[in-house]
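Trainee: Curious how this folds, go ahead:
(one chain, ligands or ions: 1)
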Amino acid sequence: MPAQPLRIGPIEVWPPLILAPMSGVTNRTMRALYRPFGLGLTVTEFVSSNALKYGSRRTMEMIDQHGLEKPVSTQLWGDDPATMAQAARVVRECGADIVDINFGCPAPKVTKTNGGSACLRDPERCEAIMRAVVAAVDCPVTMKMRLGWSEDALVYVDVARRAQQAGVKAVTLHARTARQFYRGEADWQHVARLKRAVDLPIIGNGDLDEAHVALERMRASGADAIMLGRATLGNPWLISQIRDLMEDRPARPLPCAADRLRFALVHYRTMVDELGEERAVPQMRKHLALYLKGIAGAALLRERIMRTTSAASTIALVEETIALLEAAPPVAA
Ligand SMILES: Cc1cc2nc3c(=O)[nH]c(=O)nc-3n(C[C@H](O)[C@H](O)[C@H](O)COP(=O)(O)O)c2cc1C
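Mentor: The predicted structure is shown next:
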């Protein structure tokens with residue numbers, strides 16, 4: 001049976017497949033490139049509500065969406081309800097269709113100021129932040145969290161109930177604690193428990209890296225949507241495969257190595273055009289390494305790419321590899 005659209009207040013998200021916000025990775029260029037693979041919703045990298053007070057060029061770039069992403073959600077972090085409310089008004093004015101609150105980030109630079117997942121140590125403050133943001137904007141507000149700060153303080157059901165009372169319209173659960181960072185495995189039983197505990201759309205997140213498994217996790221947990229992060233990097237075709245399954249079609253095969261690298265070059269050139277060579281070259285190293293993952297003989301190329309300093313030399317290396325891949329005799333069936 002095909003999946004159902006996700007409803008976030010008046011906004012219908014189809015398919016119920018969302019690209020996870022990833023700071024330093026999912027900038028507007030990447031989101032616009034990945035969206036056509038079949039995403040129903042994209043989320044900006046998280047933005048500090050404090051930084052929005054000053055509105056530096058970099059901060060404003062982070063909340064810009066080219067006007068190409070519809071609907072788009074802008075994610076904010078901070079620990080002060082009034083500052084978060086003010087930031088929500090700014091991002092709404094700048095085109096956000098949805099304002100998302102981050103209660104999940106475990107990075108020390110965020111938690112040391114009580115932001116991100118550190119808020120989960122104080123569910124009352126989470127509620128105050130959610131109420132302030134909901135009151136500040138005329139669009140739906142959502143929230144993304146982890147299970148709790150630590151294994152002995154799993155507060156996600158309590159915080160989601162408070163979200164429902166505060167008027168939040170959907171909750172994303174990354175099924176790990178903050179103390180886990182990225183260790184261990186996301187435990188989807190908690191997604192199922194949350195779905196049963198609250199009357200809100202639930203978006204399940206964590207470790208989805210194969211299309212059939214992703215759909216099975218969604219079905220078994222009762223989640224209304226799924227959010228994909230790391231597994232899409234260098235592999236946006238996973239998005240198309242999941243969309244196929246959500247539309248009740250067999251998942252399309254993954255592209256051959258040469259086609260993967262051709263798309264990597266599109267990504268590369270777009271980043272250089274939009275960010276300039278100086279910023280794009282270092283940022284694209286990690287993306288290229290991921291596009292190369294699993295390609296036979298790519299280790300040497302990856303090493304050479306890590307040493308290149310200009311866009312032209314990197315592009316030439318990748319083009320050379322595509323030519324070699326195409327010249328290789330087809331593998332006998
Ligand atoms: C490099 C990186 C940056 C991230 N930045 C954010 C962020 O800005 N906001 C957020 O809510 N989560 C952030 N996350 C967490 C992801 O959104 C997601 O919850 C997590 O990676 C688990 O999903 P996955 O297993 O599909 O990757 C980040 C994760 C990574 C790997």
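Trainee: of all the residues in the stretch 1-150 of the chain, which ones are close to the ligand?
Mentor: Contacts of the stretch 1-150 of the chain with the ligand, taken as Cβ under 6 Å from any ligand atom, map to 20-25, 45-46, 75, 102, 104-105, 144. C-betas here are computed from N, CA, C, even on glycine.
Trainee: Would you point out which residue of this protein is nearest the ligand?
Mentor: residue 229 (2.6 Å; Cβ to the nearest ligand atom).
Trainee: okay, now that residue: neighbour count?
Mentor: Using other Cβ atoms under 10 Å, residue 229 has 20 other residues around it.
Trainee: excluding its backbone neighbours, what's nearest it?
Mentor: residue 20 (3.4 Å; Cβ to Cβ, 6 or more residues apart in numbering).
Trainee: OK, contacts around the one you found?
Mentor: 26, 43, 205, 227-230 (Cβ atoms under 8 Å, 6 or more residues apart in numbering).
Trainee: Let's see that with 10 Å instead.
Mentor: By Cβ atoms under 10 Å, 6 or more residues apart in numbering, the contact set of residue 20 is 26, 42-43, 144, 172, 174, 203, 205-206, 208, 226-232.
Trainee: tell me the contacts of the residue of the chain closest to the ligand?
Mentor: Contact analysis of residue 229 by Cβ under 10 Å, 6+ apart lists 18-22, 25-26, 174, 182, 205-209.
Trainee: low pLDDT regions in this protein?
Mentor: 329-333 (pLDDT under 70).
Trainee: all strands for it, in order.
Mentor: Using DSSP state E, the strands found in the chain span residues 6-8, 11-13, 17-19, 41-43, 47-48, 72-77, 98-103, 141-146, 170-174, 202-205, 225-228.
Trainee: still on that earlier bit, how far away is the residue of the chain closest to the ligand from residue 188?
Mentor: Look at residue 229 and residue 188: by Cβ to Cβ, to the nearest Å, they are 15 Å apart.
Trainee: re earlier: now the residue nearest to residue 229, what are its backbone angles?
Mentor: phi -70, psi 140 (degrees, to the nearest 10).
Trainee: Residue 266 reaches residue 33, doesn't it?
Mentor: Yes. Taking Cβ atoms under 10 Å as the definition, residue 266 is a contact partner of residue 33 at 7.2 Å.
Trainee: Kindly list the longest helix within this protein.
Mentor: helix 257-275 (DSSP state H).
Trainee: C-alpha coordinates for it, PDB please?
Mentor: Extracted C-alpha coordinates of helix 257-275, given in PDB (Å, rounded to 0.1, in the frame of the first residue of the first chain):
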ATOM      1  CA  ALA A 257      29.900   4.100 -10.900                       C
ATOM      2  CA  ALA A 258      30.400   6.500 -13.900                       C
ATOM      3  CA  ASP A 259      26.900   8.000 -13.500                       C
ATOM      4  CA  ARG A 260      27.500   8.500  -9.800                       C
ATOM      5  CA  LEU A 261      30.700  10.400 -10.600                       C
ATOM      6  CA  ARG A 262      28.900  12.400 -13.300                       C
ATOM      7  CA  PHE A 263      26.400  13.600 -10.700                       C
ATOM      8  CA  ALA A 264      29.300  14.200  -8.200                       C
ATOM      9  CA  LEU A 265      30.700  16.600 -10.800                       C
ATOM     10  CA  VAL A 266      27.300  18.400 -11.100                       C
ATOM     11  CA  HIS A 267      27.400  18.800  -7.300                       C
ATOM     12  CA  TYR A 268      31.000  20.000  -7.500                       C
ATOM     13  CA  ARG A 269      30.500  22.600 -10.200                       C
ATOM     14  CA  THR A 270      27.300  24.000  -8.600                       C
ATOM     15  CA  MET A 271      29.100  24.400  -5.300                       C
ATOM     16  CA  VAL A 272      31.900  26.200  -6.900                       C
ATOM     17  CA  ASP A 273      29.500  28.500  -8.800                       C
ATOM     18  CA  GLU A 274      27.500  29.300  -5.700                       C
ATOM     19  CA  LEU A 275      30.100  29.400  -2.900                       C
END
